[in-house]
Structures are given as C-alpha cells and as structure tokens.
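S.K.: I'll drop the sequence and a predicted model, then ask my questions.
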Amino acid sequence: MPIALCYFSYLAISISLTMWVARTLYRSGRVFLLDAFRGNEELADSVNHLLVVGFYLVNVGYIALALKTTSALATLREGIELESTKIGVVLLILGAMHFFNMFVLARMRRRASGPAHAGVLV
C-alpha cells in the first residue's frame, strides 16, 4: 500500500470524525450551557463556540502530529493496521475530550444551581 494513500485516507477519516463529533457537541452542548449560564444565550453561545475551537485545535493538532510514520508498508494489511491504530487513537482522544467536556459542563451546572450547593466542593 502506498504510504501517501494511507496518509490521505487517515486524514480524511480522522478529520471527518472530528468534524462530526464537534458538530454534535456544539448542537447538544448548547442546552447544557444555557442551563449553566441561567439562560444567557449570548454567553452560552460564545462559550460553546470557544469550546469547539479548542476541540478542533487539539484534535487536528494531534492528527497532524500522528501523520508521520517510519513504517515501510509492504502489504495492504500493514497499511490497514497502521491506519486503524492511528484512527483508534484519534477516537480515544475524541472520547476523552467528550467526557472531559461533560465533566466541566456538569460542574458548571452544579455551580450555577445556586446556594443549595454553596458549601459543597465540586
């Protein structure tokens, strides 16, 4: 398998997955942010946009760094295995970032819920 074909395939799949996850998080995260910011749409949308930008920067940065390989790909199998390993790591990073975002949003919601949680460490 030519290495360039493996690179292009890896980039296309990884960037497509990153875009899909970012759009999903942007749409679904707005509800949580609106709740956390007590209905302040302008602030919620601004924070939501900034989270997505950071999400893209981290993921596309990793995708670019992970593109390089020193492996010689003599067979199609080796190309598929290399690409699946790289895409698997990208998926794990996307999942970890998703759970981190959910953790942060949950903390924001608890803090915004008011005095009922004022003495509770979060």
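M.R.: Received it, and whenever you're ready, just let me know what you need. Numbering: from 1, shown residues only.

S.K.: tell me what the strand or helix carrying residue 53 is packed against?
M.R.: Here residue 53 sits within helix 41-65, counting by DSSP states H and E. Counting contacts by 3 or more Cβ pairs under 8 Å, 6 or more residues apart in numbering; DSSP states H and E, helix 41-65 packs against helix 3-36, helix 76-112. Glycine gets a C-beta too; all of them are placed from N, C-alpha and C.

S.K.: at 6 Å instead, please
M.R.: Counting by 3 or more Cβ pairs under 6 Å, 6 or more residues apart in numbering; DSSP states H and E, the packing neighbours recorded for helix 41-65 are helix 3-36.

S.K.: could you measure residue 25 against residue 86, distance?
M.R.: 22 Å (Cβ to Cβ, to the nearest Å).

S.K.: What of residue 103?
M.R.: 26 Å.

S.K.: Those two: which has the busier surroundings?
M.R.: residue 86 (22 against 10; other Cβ atoms under 10 Å).

S.K.: Help me confirm that that one comes into contact with residue 10.
M.R.: Yes - counting by Cβ atoms under 6 Å, residue 10 is a contact partner of residue 86 at 5.4 Å.

S.K.: what is in contact with the two at once?
M.R.: Common contacts of residue 86 and residue 10 (Cβ atoms under 6 Å, 6 or more residues apart in numbering): none found.

S.K.: Run a quick neighbour tally on residue 89.
M.R.: 14.

S.K.: and what of the one 10 residues further on?
M.R.: Other residues near residue 99 come to 10 when the count uses other Cβ under 10 Å.

S.K.: show me the contacts for residue 54.
M.R.: Not one residue lies near residue 54 by Cβ under 6 Å, 6+ apart.

S.K.: now do residue 5
M.R.: Applying Cβ under 6 Å, 6+ apart, no residues contact residue 5.

S.K.: From residue 29, how far off is it?
M.R.: For residue 5, the distance to residue 29 - Cβ to Cβ - is 35 Å.
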